[in-house]
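# Below are the sequence and a predicted model; questions follow.
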Amino acid sequence: MLFYLDEDHSDVIAAIVRRRGVDMTSSHETGRNSWTDPRQLRQAGEEGRCVVTRNYSDFARFTHEFEEQRLPHAGVVYVPKSLPSKQFSAIAAAIVRVNDEHPDGVPPYSEWWLRPVRE
């Protein structure tokens, strides 16, 4: 599974996820911080990358619009408030779990919530 971390999160998370063997890029690393959310979602979809974001209200709406228009979309994973932004390792572990649970990716236009990993 391929992931794309939006600009609301530190690229430290992407680095931790990659160290655990999962393919992830971030808006910071790709120079896309100034892009609109729909543009980022479309680019991620064209690359087959599932977007990881905390921005549920906007991305849920965009996901429905993308589905109606049949635009490229590789899924969205939402980071809940129970995983604070500064808990890089916890967020990374939850992303790795999604990857492990969906090795072939998730269906287009699907939406998922990260669940904290209890160690």
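That came in fine, so what should we check first?
# If you count neighbours, what's buried in the helix-or-strand element of the chain with minimal mean pLDDT?
Least confident helix or strand of the chain, by mean pLDDT, DSSP states H and E, is helix 27-30 with a mean of 92. Within helix 27-30, the residues that count as buried by 16 or more other C-beta atoms under 10 Å are 27, 28, 30. Placement of C-beta: from N, CA and C, glycine included.
# Just give me the residue closest to the centre of the chain.
Residue closest to the average C-alpha location in the chain (C-alpha atoms, centre = their mean): residue 52, at 1.7 Å.
# on that earlier part again, which strands and helices lie in contact with the least confident helix or strand of the chain?
If you count contacts as 3 or more C-beta pairs under 8 Å, 6 or more residues apart in numbering; DSSP states H and E, helix 27-30 packs onto helix 11-19.
# mean confidence score for the helix it packs on?
When pLDDT is averaged along helix 11-19, the result is 96.
# ok, so what distance separates residue 38 from residue 102?
Look at residue 38 and residue 102: by C-beta to C-beta, to the nearest Å, they are 24 Å apart.
# how distant is the least confident helix or strand of the chain from the center of its chain?
Helix 27-30 sits 13 Å away from the centroid of its parent chain (C-alpha atoms, centre = their mean, to the nearest Å).
# Dump it to CSV, restricted to CA.
Output in CSV follows, covering the C-alpha atoms of helix 27-30 (Å, rounded to 0.1, in the frame of the first residue of the first chain):
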residue,chain,number,x,y,z
SER,A,27,3.5,17.0,1.2
HIS,A,28,6.6,18.5,2.9
GLU,A,29,9.0,16.2,1.1
THR,A,30,7.3,16.7,-2.3
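# Next secondary structure after that helix?
Under the assignment DSSP states H and E, the closest C-terminal helix or strand after helix 27-30 is helix 37-46.
# if we can go back for a sec, mind listing what the residue nearest to the centre of the chain touches?
Residue 52 makes contacts with 3, 4, 5, 6, 9, 24, 76, 77, 79, 95, 114, as judged by C-beta atoms under 8 Å, 6 or more residues apart in numbering.
# How many neighbouring residues does the second one have?
Neighbouring residues of residue 4 were enumerated by other C-beta atoms under 10 Å; the total is 28.
# Since that was my last question, I'll sign off now.
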